[in-house]
Structures are given as structure tokens and as C-alpha cells.
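In: Generate a structure from the sequence data that follows.
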Amino acid sequence: MIDLGALLRVPYVDVEMGFDISPDGEKLAYSWNPNGQWEIYESSLIDRTNFPKQVSRGGGGKFHPQYSPDGRQLAFSVDFDGSENFHIFIHNFMDGSQRELAPEMNCSHQAFFDWSPDGQQIAFISDQIGHFNAYTILVNGGEARLVLDVEHPAWKVRWSPDGSKLAVTVEASGIDYWTYIVSFKNGETFPVTEGKGMIDAGQACWSPDSKQLAFCSDLHGYNNIGIFDVSTRKSSWLTHGEGEKQFPTWSPDGTSLGYIFNRGTVSWLALQSPGEQPELYQVDMGVHYLPEFSLDGNQIIFCFDSPRQPSDIWSFSRKSKQFTQITHSLPEEFSEIQFIMPEEITYPGLDGIGVPALLFNPPGPKPAPTVIIVHGGPDWLFEMTWYPLMANMASRGWVVLAPNYRGSTGYGREWQAASRFDFGGVDTDDVAAGANYLIRSGLADKLRIGITGRSHGGYLSASCMTRYPEIWAVGSAVVPFLNWFTNHEDIRPDLKHWDIENFGDPVENHQRWHDHSPSFFLDRMRAPLQLICGGSDVRCPVNDSIKAHDELREMGKVVDFILYEDEGHIFLKQENILDSESRRVAFLAKYLEGNHNEG
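Out: Okay, the predicted model is just below:
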């Protein structure tokens, strides 16, 4: 068995909030946790023998590093307590000083920001007036200036290379993102459109001449790369067809684009010029992230991980077509371990529709103890990534199934939208169908099937345990919510916006909100339940879990409740991650490997 604690101590490069290449093209800044603390590090792109150098210091997790245009400073976002109230700090390379940008602002910021090309300002997202809008502020101080308020939560900002425009992406209707262009020359604001209508358009990236904006859109069923001409306000399409194409980036000469191409749970690095076919390259069966061209355009820098190795930064040579690993997170003692690789399968849902999933089927006698791991989001998916929990479970001989239930990304717009207004319905059915499939296949011991998940995956775990109580021997819900009404009351305005757009108004749809809240049906639960929560969680506040714990105990049910007061929705402290994940596996193992029949 691979030790879980050792797996959880393996560092990895953050792939959610990105890295940055220095203006001279010689260095790379990224967020990394080799000592258990998320700090900003630099590596050389010229001399690969140099060890990484830590740049940031102080408390909190540091993410999204961004060099100033002159390379003399480095800005990054800091989350001190897991509350996702990010603070922007600036490190000065000249004297080593570090300061917070506008510490007097008593409001929440999103993690994503961007320097102006002249280095005088930073554009950022803040909820100063009650919801997230786009602002600019002088780097050396002053009041923030509101530049876009469209009554939809702003998400990301990108400054045009010539400094004349700002692209602001907002969470729009349903599962869509819209991108607006703000002109500083004439004050005009207009959206990315096709024809006369606004379209789903995210992941905006400016062309080097600032005349075009590449974006990602599922307008035609799958995510494809579009190009919006700012002067004509017309969109054309670089890519077409099935498969997900995301994260566009322009070559420095503006003649081609790089992006990530996904088919199911694996991806490729793609290079393509308008009117030509793409070139696809792959490090291994895994996932590629966030491509960026080097300053001379000869290399593409990106992140990669797989079930065999954690996320690290790699480069791809356009000349030699060879990959080079830049950061090295996997300790040498893991190099000889034979990690079990999952198989991508499709099993029938309860209605006969095929549900894609990853299946870890370790050697050993069958049927075996089994765990269904449910991803969060719900607009997310399980891919061929580094996941210590699954690696540990598979090494114990457990069968592990990770369903990409209806509502998951990665399989086109129709699949992602299939659970809209039915959360806790068809997605719950798809997860339960996975357990039934494993029983029919002879892989799962029907008396030893557990379920676990984080966030929306924790919600679905509780939903499965109340709607299909006969299936489960045990469940563990990490940072879950269990009551749509109370959770909606306690969360931020941007999260409330998402709820209403995708689940309807709670008053107008009271019955739906009630019937899909596991908290009203806890009496149906037969199996022991574990609840793991963060005290500063702004997405799934702990109140739901406290109430559920108390009610389950009054009913005489077996329930385990663990609260980490100093964590939020994503745990940042290594000691808490180690403790919580160890407790999760131990609780599952007690009922999957022992002879317990409570409930």
C-alpha cells in the first residue's frame, strides 16, 4: 500500500491560477508547496541547473504571480484564512520589500488581476459595492476606479498589450461566461458577439497587436476557440467540431495560437494557425494546462500532470518537437512506484444513457471494497490527473470509480447543462448507477461500497445516501452543503447569482429546492456519515453540517463531525490536509475493511 501521508506531502505546482514568464523571457514565476506552504517561486528558463528560488514570504497561500512589465516587481494574490478574500501583494526585486496593494480596502477581491502595460496600474475584481466588478488602481496608491459594472459577477480581467482596452469576463446567464471590452480612449463598452447576439465567451486572450481577442466558447456544442475582431466586432472560429478546446494563447508574432485540446479525460497541447489543421502533442496520458509562448516564440510553457506524477511546469520546443520538464515535484523515492492507472469507461445510467467515468481496478480478488468518488463543481470533471486519495485507495485493493455525471464539463454543452435545475436528481442517479454497474460487473462487494466527495461532490454524497440508502455501507462528505435554502442565505452574492441562474429562484421553485435538499430526508440515511468542514468556508458554510450532525445524532445514526476552524473551502495548511484526508480514509476503511454493519 502506498502511504497516504507520503502521497499528500508530495508537492505540486498550482494549475488553477497560473504562472507567469518574466518580460525578458529568462525566468518563470509560479505557486508551489514543497514545504507544505503555498509560496511563489522562480525558476530559470535559461539555466535549468539552478534550483527554484522562493520569492514570497509571510502567512497565507500565495497564488497567481504576475511580473510587472519592467520585471522589477512581482504581484501575487494571498488568501490568509481560506475565506477566498484575496489580497494583492507586490514584491520588489530591487530591495526585497513586500507590500500590500491598497490595504485600506475592506472588501473581497478575486484572485485574478492584471498589470497595465505601462506598469502604472493594476486591474482587479472587487465587491466594493456588494457584487464583484472590475476596477483599476494606481500601483503606488490612490482610490480604485470602477471600470465595469454589468450586474453580473466579474471573474477575470486582461489588459490589451497597447494599454487602450480591458477585457472583462463575467459569469453570465446559466453556464455561460460573457466577455466585455472596455475602451479607455472613448469610454465605450461592448461585448464579444457573433452576429447580433452575445455569446458564451471566456478565457479571453489578446493578440499581440491588440486588434483581436481569442476566446473559448461552447456556442456550437463543444468548447471551441473563437477570434473576435475588435474593429468590426465580428467573430470567426479557429477550431470546430467535437472535443474541448480551451485556454488559447497567441504566438508573439500573432500568426498562430496554442491551446489545450481535451477528449474525455485526457488532453493534448495544440498548435494551430487560422485556416490550417492543428498539430497535437502530448507528454503522456494525462492533462495539460495553461499554455504560454516564450518571448521568442520558440517554446510553449505549460503545466502537466497524470495519475503517475504531480503537476509540474514543462516546455515544448517548436523546433525539435521535444518536451522538457522544468520543475520536478515528485520525490525520487516515488520514481519506482507502479501507480495504478485508471481506465476510462462508460457505464449505463439508470435511464440507459452512458455515463463516462474513470475506473481504478487494482489487482486482487473480486468483488472488492469499493469507493465512488464524486467530483465537485458541478461544472468540473475528473481527468487523468494526480490524485493522492485515489492512488492510496487503489493501492489498498479498493475499486475506485470517479463518475463524470451529467452536469460535468468536458463532454460538450448538452452534457454540462443536463443537470441544470435538477441538481440532486439526474446527477445523483448517475452516481448511484455507477455503484450498480460495479456490482453487476462483479467488481464491487455490494455490502462494502462507500461514497465520498468534496463540495458539490459532498452534497451528492449526502443526496445518494438519502435517495439510495440501500447501496451504501459508509459515506464521507467533505465541505458539503445539505440544504439549498440555508446555504443560499449564507453565501456571497456571486454564488447566489449562480444558484438562481442554475437552480431557479428559491421562492418560485420552493418545492424543487426542498425535494433536492438532503437535510430534509436524513431519516432515510442508513449508513454512517462523516462530515469534514472548514470554519471559514464561504461556498459551503459549516452551518448545514452542524445542523445535520445534531439531527443525525438525535435519530441515533452514526455520524462523525470534524471542523477545521482555520480553513475554508479549499484547505491550505498541510497539517490540516494530512489530518482530514487521513481521517476520511480511516472512516471509510472502518466500514469497508472491517465487519461493521451499523445503520
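
In: Each with direction, which strands does the longest strand along the chain pair with?
Out: Counting by DSSP state E, the longest strand found in the chain is strand 444-454. Sheet pairing here is set by DSSP bridges, and for strand 444-454 it gives strand 368-374 (parallel), strand 474-478 (parallel).

In: Deepest-packed of those, please.
Out: strand 474-478 (a mean of 28; mean count of other CB atoms under 10 Å). Where you see a C-beta, it was placed from the backbone N, CA and C, and this is true even at glycine.

In: after it, next one along is what?
Out: helix 484-490 (DSSP states H and E).

In: Least confident secondary structure element in this structure?
Out: Least confident element among the helices and strands of the chain, by mean pLDDT, DSSP states H and E: strand 197-198 (a mean of 92).

In: I'd like the next helix or strand past that strand.
Out: strand 202-206.

In: so what secondary structure elements neighbour the very next helix or strand once past that next one?
Out: Tracing the chain C-terminally past strand 202-206 and defining elements by DSSP H and E, one meets strand 212-217 next. Counting contacts by 3 or more CB pairs under 8 Å, 6 or more residues apart in numbering; DSSP states H and E, strand 212-217 is packed against strand 177-183, strand 202-206, strand 224-229, strand 244-250.

In: how does it look with 7 Å?
Out: Identification of packing neighbours for strand 212-217 by 3 or more CB pairs under 7 Å, 6 or more residues apart in numbering; DSSP states H and E yields strand 202-206, strand 224-229, strand 244-250.

In: Just put these in a markdown table and tack on mean pLDDT, distance to residue 280 and mean neighbour count.
Out: Listed next are those as a markdown table, based on pLDDT from 0 to 100; distance: least, CB to CB, whole Å; neighbours: other CB atoms under 10 Å:
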| stretch | mean pLDDT | distance to residue 280 | mean neighbour count |
| --- | --- | --- | --- |
| strand 202-206 | 98 | 19 | 22 |
| strand 224-229 | 98 | 14 | 22 |
| strand 244-250 | 98 | 11 | 23 |
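
In: Including distance to residue 582, could the ones you listed go into TSV?
Out: TSV is the format used below for the helices and strands packed on strand 212-217 (distance: least, CB to CB, whole Å):
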stretch	distance to residue 582
strand 202-206	36
strand 224-229	42
strand 244-250	34
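
In: how about those strands, which one is nearest residue 519?
Out: Closest approach to residue 519 among those (CB to CB): strand 202-206, 33.1 Å.

In: tilt between the closest one and strand 224-229?
Out: 50 degrees (axes from the mean of the first three to the mean of the last three CA atoms, to 10 degrees).

In: Pull up the pairing partners for strand 202-206, direction included.
Out: Per DSSP bridges, strand 202-206 is paired in its sheet with strand 212-217 (antiparallel).

In: pLDDT of the strand it pairs with, averaged?
Out: Averaged across strand 212-217, the pLDDT comes to 98.

In: give me the element the residue nearest to residue 3 when sequence neighbours are not counted is part of.
Out: Nearest in space to residue 3, with sequence neighbours left out and distances taken as CB to CB, 6 or more residues apart in numbering, is residue 392 at 7.7 Å. Residue 392 is part of helix 388-395 when elements are defined by DSSP H and E.

In: Which of the strands paired with strand 444-454 sits closest to residue 130?
Out: Here strand 474-478 is closest among the strands paired with strand 444-454 (CB to CB), at 30.0 Å.

In: I'd say residue 211 and residue 230 touch.
Out: Yes - taking CB atoms under 7 Å as the definition, residue 211 is a contact partner of residue 230 at 5.8 Å.

In: Comparing those two, which residue is more hemmed in?
Out: A count of neighbours by other CB atoms under 10 Å puts residue 230 above the other of residue 211 and residue 230, at 20 against 16.

In: and the more buried one, what does it touch?
Out: 181, 211-213 (CB atoms under 7 Å, 6 or more residues apart in numbering).

In: before we move on, the earlier item: quick check: the residue nearest to residue 3 vs residue 576, distance?
Out: Residue 392 sits 17 Å away from residue 576, going by CB to CB, to the nearest Å.

In: Over to residue 521?
Out: From residue 521 to residue 576 the distance is 30 Å (CB to CB).

In: what about the closest residue to residue 174 other than its chain neighbours, helix or strand, and which?
Out: Once flanking residues are discounted, residue 174 sits nearest to residue 501: 5.5 Å by CB to CB, 6+ apart. Secondary structure from DSSP H and E places residue 501 in helix 493-503.

In: what's that helix packed up against?
Out: strand 165-171, helix 484-490.

In: Just name the most buried of the ones you listed.
Out: Burial of the helices and strands packed on helix 493-503 is given as mean neighbour count (mean count of other CB under 10 Å); strand 165-171 ranks first at a mean of 24.
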